[in-house]
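Visitor: Sequence and predicted model, in that order:
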Amino acid sequence: MPDEGHPIQVQLLSSIHEVDAAHWNACAGVHDPFVSHGFLSALEDSGSAVAESGWAAQHLAIRGADGALDACAPLYMKNHSYGEYVFDWGWADAFERAGGRYYPKLQCAVPFTPATGPRLLVRDDGAEGLQAALLQAMIERAESVGISSVHMTFPLRAEWELAAKRGFLARIGSQYHWTNQGYRTFDDFLGTLVSRKRKMLRKERQAVSKQGVTLKRLVGSDIQERHWDAFYRFYLDTTDRKWGSAYLTRDFFSLLGERLTDRVLLVVAEPEGGGDVLAGALNLIGSETLYGRNWGCKQEFKFLHFEACYYQAIDHAIETGLTRVEAGAQGQHKVQRGYLPEKTYSAHWISHPGLRGAVADFVERETLAVEREMQALMQFSPYRQEGQ
């Protein structure tokens, strides 16, 4: 920790490699794989999140008197709003039509990763002063170069609340998460559902196997380059159909497998008896949570998406004792399969008073709409209520 009485000095880093991996990870902790040095460096080294793709690293670092890293934050200067999953296109459009300049902006986030986790990384738990210093450094950086805004997306709730105290606008969103209630088997989980939903899930799982498809869960050295080759083809096909551009390069997946070996779970679907991979679902493994990330397939099989992305994830969580599976946003069909809506958070510092006022009004109205939608979705929960 910095000595009391000495001002905190914040360094600006143009690459994650300006910090030793062990020192960064001492601040990042072991719970969330996305803020690890290995994940962030894989994004940079593969050319996925670099200045050329609109993600210029501006990472922050605070060192103590002994030179050790006490705090850090993944931060990027961006000239667009792609790959964030907390949408501000409307704000940018309105500001620029009014004669303002919205881009570039600062983004405290893990690129292309809509998963809740720490953003203000500190070596010692409860070091709120250091976290506040990181937030202040973001604001000062924005002010010094005339940047319109600073955005912290998918932070922990405590970080979100701290940012609100420091002048950030507090925004909420929602995703779908499955919670492990101490289940020993998938059937234990099914036993908590109402009868018609329990039957539906069983039929869906049986339908996949009847189509001659076998699912495998691969971790660590089980994942070979041929698996990444196939998965990347699926990834490109999915992005072409849904978003029109691929954020991640082929090299990223190989680097991910090398640097986060035992924290990567790749679910693959193959024909019975072996053969080319038919589909794949990529997950990252945290200390408590399994994070579903990307999915793609070679050809359509009925219910295969549900099996590979949702049910296999639940199986893995139960078998390994994880407490939660995060399946991401969108897709109300997830509710019927046991994934219920949970709040996500983002915080936004806006420089221009007029834009800030308009965004504050929008966020207030949006919050009410998100909360109403979450309440409405809970009416479709598949879980048995007391007395059922």
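Guide: On my side now, so go ahead.

Visitor: Could you find the closest non-adjacent residue to residue 371?
Guide: Excluding its sequence neighbours, the residue lying closest to residue 371 (C-beta to C-beta, 6 or more residues apart in numbering) is residue 172, at 7.6 Å. C-betas here are computed from N, CA, C, even on glycine.

Visitor: Distance of that neighbour relative to residue 328?
Guide: 16 Å (C-beta to C-beta, to the nearest Å).

Visitor: Neighbour count for these two, which is higher?
Guide: residue 328 (21 against 16; other C-beta atoms under 10 Å).

Visitor: Below-threshold pLDDT in the stretch 101-250 of the chain: ranges please.
Guide: Counting by pLDDT under 70, the ranges of the stretch 101-250 of the chain that qualify are 126, 240-244.

Visitor: re earlier: quick one: the residue nearest to residue 371 and residue 145, what's the gap?
Guide: 29 Å.

Visitor: got it, and residue 38?
Guide: 30 Å.

Visitor: okay, the two: which has more neighbours?
Guide: residue 38 (20 against 11).

Visitor: In this structure the more buried one contacts residue 260, no?
Guide: Yes. Using C-beta atoms under 8 Å, residue 38 makes contact with residue 260 at a distance of 5.0 Å.

Visitor: Tell me which residues touch residue 153, please.
Guide: Going by C-beta atoms under 8 Å, 6 or more residues apart in numbering, residue 153 touches 84-86, 107-109, 114, 346.

Visitor: May I see those organised as a markdown table, with distance to residue 272 added?
Guide: As requested, the contacts of residue 153 are exported to a markdown table (distance: C-beta to C-beta, whole Å):
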| residue | distance to residue 272 |
| --- | --- |
| 84 | 40 |
| 85 | 36 |
| 86 | 42 |
| 107 | 45 |
| 108 | 47 |
| 109 | 41 |
| 114 | 34 |
| 346 | 44 |
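
Visitor: So which of those is the closest to residue 320?
Guide: Distance to residue 320 across the contacts of residue 153 (C-beta to C-beta) is lowest for residue 114, with 22.9 Å.

Visitor: correct me, but the closest one touches residue 34?
Guide: No. Look at residue 114 against residue 34 with C-beta under 8 Å: they stay out of range, at 10.1 Å.

Visitor: neighbour count winner among the two?
Guide: residue 34 (26 against 21).

Visitor: Give me the three-state assignment for that one.
Guide: Secondary structure state of residue 34, per DSSP: H, G, I helix; E, B strand; the rest coil, is helix.

Visitor: And it, how far from residue 233?
Guide: 24 Å.

Visitor: what do you get for residue 141?
Guide: From residue 141 to residue 233 the distance is 40 Å (C-beta to C-beta).

Visitor: For these two, indicate the residue with more neighbours.
Guide: Per other C-beta under 10 Å, whichever of residue 141 and residue 233 has more neighbours is residue 141, with 18 against 15.

Visitor: residues touching that one, list them.
Guide: 12, 58, 106, 147, 150.

Visitor: Can you name the helix or strand that the last one falls in?
Guide: Here residue 150, judged by DSSP states H and E, is contained in strand 149-153.

Visitor: so what does the next helix or strand after that strand touch, helix or strand wise?
Guide: Per DSSP H and E, strand 149-153 leads on to helix 157-165 as the next helix or strand towards the C-terminus. Under the contact criterion of 3 or more C-beta pairs under 8 Å, 6 or more residues apart in numbering; DSSP states H and E, helix 157-165 touches helix 128-145, strand 149-153, strand 169-179, strand 340-350.

Visitor: Nearest to residue 271, out of the ones you listed?
Guide: strand 169-179 (28.3 Å).

Visitor: quick one, helices of this protein?
Guide: Assigned by DSSP state H, the helices in the chain fall at 21-28, 37-45, 89-97, 128-145, 157-165, 186-190, 195-210, 225-242, 250-259, 304-306, 312-320, 333-336, 353-378.

Visitor: by how many degrees do the fourth one and strand 149-153 diverge?
Guide: What separates the directions of helix 128-145 and strand 149-153 is an angle of 140 degrees, with axes from the mean of the first three to the mean of the last three C-alpha atoms, to 10 degrees.

Visitor: follow-up on the earlier one: I'd like the helices and strands packed on helix 157-165 as JSON lines, with distance to residue 50 appended.
Guide: As requested, the helices and strands packed on helix 157-165 are exported to JSON lines (distance: least, C-beta to C-beta, whole Å):
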{"stretch": "helix 128-145", "distance to residue 50": "19"}
{"stretch": "strand 149-153", "distance to residue 50": "19"}
{"stretch": "strand 169-179", "distance to residue 50": "27"}
{"stretch": "strand 340-350", "distance to residue 50": "23"}
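
Visitor: Check those for me and report the most buried one.
Guide: Mean neighbour count (mean count of other C-beta atoms under 10 Å) peaks for strand 149-153 among these, with a mean of 25.
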